[in-house]
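>>> What would the 3D arrangement of this be:
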Amino acid sequence: MADNAHHVAGIVRRLAAQGPVILVGHSMGGGTITRVGNQVPDLIARLVYLSAFCCVRRRSALDWFTTPEAATTLLPTIPSAGDSERLGVGRTNWRSADPEFIATAKRALAADYDDAAFLAALNIFEPDESNAVATADARGTPATWGRIPRTYVRFTSDRAIPLPLQNRMIKEADRATPGNRFDVRSVEAPHIGPQDPRHLAATLGSLTRSARPA
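I've put the predicted structure just below:
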């Protein structure tokens, strides 16, 4: 998580000289953009969470998965490869040709995709995710992260980060910074986003236009 945040903060520093920076994080990327918000709050015009983890009181993404709102997540149903504790990563063979694996992963991540679109999406997935990313401290600090305007785009058909969990993360963040609450949008989409991206693109485009200087 520290490596991720350091890398992205460096990019933000370079881009900020060219104009307002809107930083978007999806899923586990929510922890990264929160940490970057702690580091360079004055360089970010807006943080956008796409069905992403947002930690304030709870320390990590893993902590959120212990809440009642996460009980229906289908992520644990996706078969892993290898011993996660020994490897230090969650390893998944996204290139598997096993029909049962593909069907299980599709239910969890992209239930309404057609098969061809889902297989194309799997081709961009990386096999390993560091265990440390899920367990690292990803909390936003009200004095830094908490003063950046922020938007949460809820994916209403998400079976990996269920909608009740998204709603609770929004509520807890707003409670921490009552003077700077989430601007909440909703998109009918599974966890990996909508197969037809036009609505999501329009939503992000509206945020971009609002960030441009007059």
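>>> The least confident helix or strand in the chain by mean pLDDT: which residues count as buried?
Least confident helix or strand of the chain, by mean pLDDT, DSSP states H and E, is helix 84-87 with a mean of 84. Of all the residues in helix 84-87, not one is buried under the rule 16 or more other Cβ atoms under 10 Å. C-beta here means a position set from N, CA and C on the backbone, and glycine is covered the same way.
>>> which is the next helix or strand following it?
strand 89-91 (DSSP states H and E).
>>> Extract the C-alpha set from the helix or strand just after that next one and format it as CSV.
Downstream of strand 89-91, the first helix or strand assigned by DSSP H and E is helix 99-109. Only the C-alpha atoms of helix 99-109 are listed here, as CSV (Å, rounded to 0.1, in the frame of the first residue of the first chain):
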residue,chain,number,x,y,z
PRO,A,99,-15.9,-23.7,-17.0
GLU,A,100,-16.8,-23.9,-13.3
PHE,A,101,-14.1,-21.4,-12.4
ILE,A,102,-15.2,-19.0,-15.1
ALA,A,103,-18.9,-19.3,-14.1
THR,A,104,-18.0,-18.7,-10.4
ALA,A,105,-15.8,-15.7,-11.2
LYS,A,106,-18.5,-14.3,-13.4
ARG,A,107,-21.2,-14.5,-10.7
ALA,A,108,-18.9,-12.6,-8.3
LEU,A,109,-17.5,-10.0,-10.7
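>>> Check which helices and strands the next helix-or-strand element following helix 99-109 is in contact with.
Downstream of helix 99-109, the first helix or strand assigned by DSSP H and E is helix 115-122. Under the contact criterion of 3 or more Cβ pairs under 8 Å, 6 or more residues apart in numbering; DSSP states H and E, helix 115-122 touches helix 99-109.
>>> got the buried residues for the helix it packs on?
So helix 99-109, judged by 16+ other Cβ under 10 Å, has buried residues Ile102, Ala105, Lys106, Ala108, Leu109.
>>> Name the nearest residue to the fourth one, sequence neighbours excluded.
Looking back up the chat, that one is Ala108. Of all residues not flanking Ala108 in the chain, Leu74 sits nearest, at 3.7 Å (Cβ to Cβ, 6 or more residues apart in numbering).
>>> how about the helices in the chain?
2-16, 29-39, 61-64, 84-87, 99-109, 115-122, 131-135, 163-176, 198-211 (DSSP state H).
>>> And the ones you listed: which comes nearest Ala52?
The minimum distance between Ala52 and the helices of the chain falls on helix 29-39, with 2.9 Å, by Cβ to Cβ.
>>> Rounded mean pLDDT for stretch 183-192, please.
Averaged across stretch 183-192, the pLDDT comes to 96.
>>> Distance from it to the middle of the chain?
11 Å (Cα atoms, centre = their mean, to the nearest Å).
>>> can you give me the end-to-end distance of that stretch?
Length of stretch 183-192, first residue to last, Cα to Cα, to the nearest Å: 21 Å.
>>> Stretch 71-89 now?
First-to-last residue span, stretch 71-89, Cα to Cα: 23 Å.
>>> what's the most buried one of the helices of the chain?
helix 29-39 (a mean of 25; mean count of other Cβ atoms under 10 Å).
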